[in-house]
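In: What would the 3D arrangement of this be:
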Amino acid sequence: MQYRYIVVELRDGGSWHLYGDKDRPREKPYPSEALGVLPDLLADGWIPVRETPVGAANMGIMRSDIQAYCLVLLSKDDNS
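Out: Below is the predicted model:
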């Protein structure tokens with residue numbers, strides 16, 4: 001089984017790999033076209049396992065002037 005974390009911004013649905021994983025080393029910034037990885041991962045067979053709200057999302061605050069994110073754990077069978 002493979003596992004991967006991504007971050008999803010709740011305001012606009014942008015999503016990106018967590019910095020420091022093998023596909024996104026910490027020293028490389030994200031180009032704007034790389035800020036929508038969740039649909040591609042789902043189409044590739046990754047399955048969401050757990051979501052953890054962070055920042056203002058953890059307090060239930062959903063205003064346009066406050067950043068709210070979810071950390072999402074995805075899994076995929078090694079044979080997929």
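In: C-alpha only now, for contacts and for neighbours.
Out: Will do.
In: For this protein, give me the ranges with low pLDDT.
Out: Along the chain, the parts satisfying pLDDT under 70 run over 19-34, 56-66, 80.
In: what ranges do the helices span in it?
Out: Ranges of helices in the chain, per DSSP state H, are 37-43.
In: Okay, strands next: where are they in it?
Out: Counting by DSSP state E, one finds strands in the chain at the ranges 2-9, 15-17, 47-55, 68-76.
In: Please name whichever of these is nearest to Pro39.
Out: Judged by CA to CA, the one of these that comes nearest to Pro39 is strand 15-17, at 8.9 Å.
In: same for that closest one, what does it pack against?
Out: Secondary-structure packing of strand 15-17 (3 or more CA pairs under 8 Å, 6 or more residues apart in numbering; DSSP states H and E): strand 2-9, helix 37-43.
In: Which positions within that strand qualify as buried?
Out: Residues of strand 15-17 classed as buried by neighbour count (16 or more other CA atoms under 10 Å): Ser15, Trp16, His17.
In: where's Asp12 relative to Asp78, distance?
Out: 31 Å (CA to CA, to the nearest Å).
In: Check Val72 too.
Out: Distance of Val72 to Asp78, given as CA to CA: 19 Å.
In: between the two, who's got more neighbours?
Out: The neighbour comparison of Val72 against Asp78 (other CA atoms under 10 Å) goes to Val72, with 20 against 8.
In: hang on, the more buried one packs against Glu9?
Out: No. Counting by CA atoms under 8 Å, Val72 stays clear of Glu9, with 10.7 Å between them.
In: Show me whatever sits in contact with both of these two.
Out: Counting by CA atoms under 8 Å, 6 or more residues apart in numbering, Val72 and Glu9 have no common neighbour.
In: which ones are touching Tyr3?
Out: When contacts are counted by CA under 8 Å, 6+ apart, Tyr3 touches Leu73, Leu74, Ser75, Lys76.
In: Mind putting those into TSV with distance to Trp46 and neighbour count?
Out: Formatted as TSV, the contacts of Tyr3 follow (distance: CA to CA, whole Å; neighbours: other CA atoms under 10 Å):
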residue	distance to Trp46	neighbour count
Leu73	10	17
Leu74	6	20
Ser75	5	17
Lys76	5	18
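In: hmm, which two among these are most spread apart?
Out: Spanning the widest gap among the contacts of Tyr3 are Leu73 and Lys76, at 10.5 Å by CA to CA.
In: Many thanks, have a good one.
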